[in-house]
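got a structure for you, letters missing:
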């Protein structure tokens with residue numbers, strides 16, 4: 001399939017979710033090496049994307065703060081419908097694109113949350129990582145193969161971050177010591 005421009009809509013916009021989708025973005029870049037890639041995400045996407053050739057664009061809808069009426073009506077609007085609606089909205093605002101890969105809709109349409117994800121820790125026996133579900137969907141829809149290694153997120157340490165950490169360590173007499181940083185904040189009760 002020849003395509004020149006691709007929009008990727010991640011399955012979620014949280015920082016951890018965005019980090020987890022990085023291996024799938026890398027697979028897509030290998031599958032479509034000549035295409036220009038755009039990812040619809042918040043500003044943190046620019047700091048977290050592993051591939052500098054991928055453009056991260058924040059759709060205006062991400063700035064929307066729902067009013068009381070929208071909050072009241074939200075339970076009546078199925079999440080699957082909202083996920084489906086992102087394609088025409090984002091394609092119109094950011095595109096047009098030759099191909100739109102909507103992981104959000106794939107997630108909402110077919111994810112069996114007991115099989116692929118659980119809000120419990122430890123996870124239920126037999127549960128698989130949600131990235132396996134999304135990778136399976138990409139394989140099926142795009143006729144590609146994604147290895148186990150290609151599904152695994154990995155940390156990319158950027159030079160500006162390494163320089164900042166080095167300066168911090170020197171300034172605080174931490175050179176040569178093991179340092180662990182904790183970020184004790186989340187909007188998800190399970191993570192707290």
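Structure's in. What do you need? None of the values given here were measured: they were computed from a predicted structure.

could you pull out the strands for the chain?
Taking DSSP state E, the strands of the chain run over residues 5-9, 36-40, 54-57, 99-102.

Save the ones you listed as TSV, and put in mean pLDDT and distance to residue 168 too.
No exception for glycine: its C-beta is placed from N, CA and C like everyone else's. Rendered in TSV, the data for these read as follows (pLDDT from 0 to 100; distance: least, CB to CB, whole Å):
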stretch	mean pLDDT	distance to residue 168
strand 5-9	90	34
strand 36-40	90	30
strand 54-57	88	26
strand 99-102	90	38
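
can you tell which of these is closest to residue 26?
Nearest to residue 26, of all these, is strand 54-57, at 9.4 Å by CB to CB.

strand partners of the closest one, parallel vs antiparallel please.
Note on strand 54-57: by DSSP bridges, its sheet partners are strand 36-40 (parallel).

ok so, going back, tell me which of the strands of the chain sits nearest to residue 134.
strand 99-102 (10.0 Å).

Give me the sheet partners of the closest one and which way each runs.
strand 5-9 (parallel).

Return the distance of the strand it pairs with from the chain's centre.
13 Å (CA atoms, centre = their mean, to the nearest Å).

For the strands of the chain, give me JSON lines that also has distance to residue 46.
JSON lines is the format used below for the strands of the chain (distance: least, CB to CB, whole Å):
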{"stretch": "strand 5-9", "distance to residue 46": "14"}
{"stretch": "strand 36-40", "distance to residue 46": "10"}
{"stretch": "strand 54-57", "distance to residue 46": "5"}
{"stretch": "strand 99-102", "distance to residue 46": "19"}
